[in-house]
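Visitor: With the sequence up front, the predicted model follows.
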Amino acid sequence: MFTYLLLALTIGLAALSIYLSFRASRKPFPDAVFTGMLAFSLGLFIYLYGTWVFLSFYLKYAFGVLFLLLTLYFILRRKVSGKAGRRWYKGLLTGMLTILIVLYFTGTTGIPRTVELDFPLRKGRYFVLQGGKGLPTNFFHFSLRGAIYAMDIVKLNSYGGRASKIFSRRLEDYVIYGDTVYSPCNGRVIRAYDGNPDNIPPSMERGPRNTNMVLIETDGFYVFLGHLRQRTVMVKDGDTVTKGQPLGEVGNSGFSAEPHLHIQVHAKEKDKVWYLSTPLYIHFNGKGYLLNEMIKKKDT
């Protein structure tokens, strides 16, 4: 199961970073510096990119605190007992990890054009399961019709998980399933459909062409909201919608392995199909979000 593999990789790399920190405290200088830099870069990398949410989002914070405390402890209890090793590969790995860490924040697409939207979900804690400023953080969306700034959003329970189990085949076990989706802007509905059934996780057999959706057109851009629940869309083609108006419910239709809300925005450009026009980076209520970040939304 892919979910378990990613979680195991996250925990394994986190443990390895702590082990490397311990090894650094046993190495003579300057090898201790190279090992310590590798430990820190690996720890920061897995802190940012790790799939902690499959178990609990709060494990991310727990790991960060544990890593720093243990590193301080190892330094204070430093006792040289190891031999100097090869440093070139540690420097190379540290450099590669550092690049990925920087790209987590900057992406590879330059300075993106942004769009201001209202967050389309209500009271609760939500989480960016996929998103970011292009590669490498938004790898999955990068190849989908230029959706380089698209976001997949799930909801968190009180324990910081997105479902009652690490993986479940029951749609109702996912916290976001059935959540009402609200219009993030004023505009006109140019496509609304909800006739497709929801996938049973992890099946994605129905593919990207069979998602339930609402597509909104404004004077300057298009907003696409996908993977909606079957027979829950509350608007129809041609309707005028206002910000905060209910549109439907979150489901698992189309090319989706688990319930979540997919949202992407494209600029309105003459003689271009909406999904082939310039993608825009989304700001929700004045703030942009990256992969694995929490979004807190209070009911207003």
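Guide: Okay, I see it.

Visitor: Might you list the low-confidence residue ranges for the stretch 51-200 of the chain?
Guide: Applying pLDDT under 70 to the stretch 51-200 of the chain flags residues 82-85, 145.

Visitor: Where do the helices of it begin and end?
Guide: 58-76, 88-106, 139-142 (DSSP state H, counting those that start in this stretch).

Visitor: could those helices go into JSON lines alongside distance to residue 114?
Guide: No exception for glycine: its C-beta is placed from N, CA and C like everyone else's. Shown next, in JSON lines, are the helices of the stretch 51-200 of the chain (distance: least, Cβ to Cβ, whole Å):
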{"stretch": "helix 58-76", "distance to residue 114": "26"}
{"stretch": "helix 88-106", "distance to residue 114": "15"}
{"stretch": "helix 139-142", "distance to residue 114": "17"}
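
Visitor: Minimum distance to residue 5: which of those has it?
Guide: helix 139-142 (15.8 Å; Cβ to Cβ).

Visitor: quick revisit: any idea which of the helices of the stretch 51-200 of the chain is most buried?
Guide: Neighbour counts averaged per stretch over the helices of the stretch 51-200 of the chain are highest for helix 139-142, at a mean of 17; criterion: mean count of other Cβ atoms under 10 Å.

Visitor: and that helix, how far out from the chain's middle?
Guide: The chain centroid and the centroid of helix 139-142 are separated by 11 Å under Cα atoms, centre = their mean, to the nearest Å.

Visitor: For that helix, name the packing helices and strands.
Guide: Applying 3 or more Cβ pairs under 8 Å, 6 or more residues apart in numbering; DSSP states H and E, one finds that helix 139-142 contacts no other helix or strand.

Visitor: where along the stretch 51-200 of the chain do the strands fall?
Guide: Secondary structure of the stretch 51-200 of the chain by DSSP state E, counting those that start in this stretch: the strands cover 114-117, 124-130, 151-156, 180-182, 187-193.

Visitor: Dump the ones you listed to JSON lines, plus distance to residue 33 and mean neighbour count.
Guide: Shown next, in JSON lines, are the strands of the stretch 51-200 of the chain (distance: least, Cβ to Cβ, whole Å; neighbours: other Cβ atoms under 10 Å):
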{"stretch": "strand 114-117", "distance to residue 33": "40", "mean neighbour count": "17"}
{"stretch": "strand 124-130", "distance to residue 33": "35", "mean neighbour count": "20"}
{"stretch": "strand 151-156", "distance to residue 33": "39", "mean neighbour count": "23"}
{"stretch": "strand 180-182", "distance to residue 33": "51", "mean neighbour count": "20"}
{"stretch": "strand 187-193", "distance to residue 33": "55", "mean neighbour count": "17"}
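
Visitor: Surely residue 14 touches residue 51?
Guide: No: checked against Cβ atoms under 8 Å, the pair residue 14 and residue 51 is beyond contact range at 11.1 Å.

Visitor: ok, the two, which is more surrounded?
Guide: Here residue 14 and residue 51 are compared on neighbour count by other Cβ atoms under 10 Å; more neighbours surround residue 14, at 24 against 18.

Visitor: Going by secondary structure, the more buried one is in what exactly?
Guide: Using DSSP states H and E, residue 14 sits in helix 2-24.

Visitor: for residue 249, same thing?
Guide: Residue 249 is part of strand 246-249 when elements are defined by DSSP H and E.

Visitor: I'd like the next helix or strand past that strand.
Guide: Following strand 246-249 in sequence, per DSSP H and E, is strand 261-267.

Visitor: Partner strands of that next one and their direction?
Guide: strand 151-156 (antiparallel), strand 221-226 (antiparallel), strand 279-284 (antiparallel) (DSSP bridges).

Visitor: Which residues does the last one contact?
Guide: With Cβ atoms under 8 Å, 6 or more residues apart in numbering as the test, strand 279-284 has contacts from 112-119, 133, 146-151, 184, 221, 263-267, 288-289, 295.

Visitor: now the second one
Guide: With contacts defined as Cβ under 8 Å, 6+ apart, strand 221-226 is touched by 115, 117, 120, 181, 184-185, 187, 190, 211-216, 247-248, 253-254, 261-268, 274-275, 277, 280.

Visitor: Selecting buried members of the residues you listed in PyMOL, what would you type?
Guide: Here is the PyMOL command that picks out the buried ones among the contacts of strand 221-226, judged by 16 or more other Cβ atoms under 10 Å:
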select buried, resi 115+117+120+181+184+185+187+211+212+213+214+215+216+247+248+253+254+261+262+263+264+265+266+274+277+280
